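Colleague: model the structure of this input:
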Amino acid sequence: MTSTRPYLIRGIYDWIIDNRCTPYLLVDAKAFGVRVPRQAIKEGQVLLNIAPHAIDRLELGLDEVRFNARFSGVSQSIVAPVSAILAIYAQENGQGMMFPAESDADAVEEGDGEMAESSGTSVAPAGESSNAAQSDEPPLPPPERIRPSLRIVK
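Modeller: This is a model prediction of the structure:
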């Protein structure tokens, strides 16, 4: 029997878009078959904005999610096997679904060995900076300001 994960991802994606929210994918960047730019990886995971205005050619397949996104002005192909997707949720309210992490062995068994033929995890060159697929993410709060400690000496 096939996995329910790709169907749930598609359904939740459609629900988020229908409610005029911004869908985000949380992907295990260390999983087998993931292809994302290196600078987008934080703590072994990558958060991707998959809103229609942020990406191009979205394919929510049974085995993988594929799309093109711009990183530092350069269009790149992103690939995330369904087994590597940890969550899909709406940015505005956090509603969505988290999925348990799957081991590479589980993914190969579910994919009838297709994953074994992949080249594994690959990343784009580090020369590119900021991730356009994450540009809609709210900015981090500025660091707490420390009061200057200068004294007048006479």
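Colleague: CA only for contacts and neighbour counts going forward, please
Modeller: Noted.
Colleague: quick one: low-confidence ranges for the protein?
Modeller: Applying pLDDT under 70 to the chain flags residues 103-150.
Colleague: let's go with 80 and repeat that
Modeller: Judged by pLDDT under 80, the chain has its weakly predicted residues at 101-154.
Colleague: could you pull out the helices for it?
Modeller: Ranges of helices in the chain, per DSSP state H, are 5-18, 104-110.
Colleague: right, and residue 31 touches residue 84 too?
Modeller: Yes. Between residue 31 and residue 84 there is a contact at 5.7 Å, judged by Cα atoms under 8 Å.
Colleague: the more surrounded of those two?
Modeller: residue 84 (26 against 23; other Cα atoms under 10 Å).
Colleague: show me what contacts that one?
Modeller: 27-29, 31-32, 34, 101-102 (Cα atoms under 8 Å, 6 or more residues apart in numbering).
Colleague: of these, closest to residue 154?
Modeller: residue 29 (58.1 Å; Cα to Cα).
Colleague: neighbours of the nearest residue to that closest one once chain neighbours are set aside, how many?
Modeller: Spatially, and ignoring its direct neighbours in sequence, residue 29 is nearest to residue 45 (4.8 Å; Cα to Cα, 6 or more residues apart in numbering). Counted by other Cα under 10 Å, the residues lying close to residue 45 total 17.
Colleague: pretty sure residue 45 sits against residue 31.
Modeller: No. Contact criterion Cα under 8 Å: residue 45 and residue 31 do not qualify, at 9.3 Å.
Colleague: is residue 37 in a bridge, and if so with what?
Modeller: residue 124 (DSSP bridges).
Colleague: cool, thanks, signing off.
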